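Enquirer: no sequence for this one, just the structure:
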């Protein structure tokens, strides 16, 4: 059986109510959160339980979604990947990924992002994926370069946190660029 949501190391799946602990644990590391997003005040366990229960109960949406990155070997919660800011008319979307510290360096982010790109390009007919990465986040910049993304620009002093303004690097990849290094999904 072939599953377009699974690679050799990870599979992408919908958010389940029991994932609240994984999302809570990720939010506790403010350094990691800052690399991906803005730091928010601490939330209660109940808040995380309610949030994941709400997400788990939503029907699938091809315009904006969050999927859990699950390790195939032990079904461990490794992080999450998101798709959003879709523009069907122009054929572009944005994505982002967060892998928990204990699961980094194993190729999970590379594989999970590749699975999302394949789905969006092959099944949803999008032509371009864009990402925004804080300029100091060298690991994410290296990840997207490895996947074939091209730096398209830099927003200088664009975001404010940790007491100063920070640059944001804009990167993009087209469907043709993705297919040049990844196989298309099989129809059989």
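Expert: Perfect, I can see it now. Since the structure is predicted, the reported quantities are computational estimates derived from the model, not experimental observations.
Enquirer: can you give me the helices for this structure?
Expert: 20-28, 30-36, 45-57, 108-122, 138-146, 175-179 (DSSP state H).
Enquirer: wait, isn't residue 140 in contact with residue 133?
Expert: Yes - at 4.6 Å, residue 140 and residue 133 qualify as touching, with contact defined as CB atoms under 8 Å. Just so you know, the C-beta spots here come from the backbone N, C-alpha and C atoms, and that holds for glycine as well.
Enquirer: show residues contacting stretch 11-19.
Expert: 3, 5-6, 49, 52-53, 55-56, 60, 66-70, 72, 77, 80-81, 112, 115-116 (CB atoms under 8 Å, 6 or more residues apart in numbering).
Enquirer: I'd like the distance between the residue lying closest to residue 178 once chain neighbours are set aside and residue 129.
Expert: Excluding its sequence neighbours, the residue lying closest to residue 178 (CB to CB, 6 or more residues apart in numbering) is residue 117, at 5.2 Å. Residue 117 is 6 Å from residue 129, where distance means CB to CB, to the nearest Å.
Enquirer: coming back round to it: would you reformat the helices of the chain as CSV and include distance to residue 155 and mean pLDDT?
Expert: Shown next, in CSV, are the helices of the chain (distance: least, CB to CB, whole Å; pLDDT from 0 to 100):
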stretch, distance to residue 155, mean pLDDT
helix 20-28, 25, 90
helix 30-36, 16, 70
helix 45-57, 29, 93
helix 108-122, 21, 97
helix 138-146, 14, 96
helix 175-179, 22, 98
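Enquirer: out of those helices, which one sits most buried?
Expert: Of all the helices of the chain, helix 108-122 carries the top mean neighbour count, a mean of 21, counting by mean count of other CB atoms under 10 Å.
Enquirer: so what secondary structure elements neighbour that helix?
Expert: strand 10-13, strand 65-71, strand 77-87, strand 92-99, strand 128-134, helix 138-146, helix 175-179 (3 or more CB pairs under 8 Å, 6 or more residues apart in numbering; DSSP states H and E).
Enquirer: and the fourth one with helix 20-28, angle?
Expert: Going back to what we said before, that points to strand 92-99. Angle between the axes of strand 92-99 and helix 20-28 is 90 degrees (criterion: axes from the mean of the first three to the mean of the last three CA atoms, to 10 degrees).
Enquirer: select, out of the helices and strands packed on helix 108-122, the one closest to residue 27.
Expert: Residue 27 lies closest, by CB to CB, to one member of the helices and strands packed on helix 108-122: strand 92-99, at 9.9 Å.
Enquirer: fine by me, thanks again.
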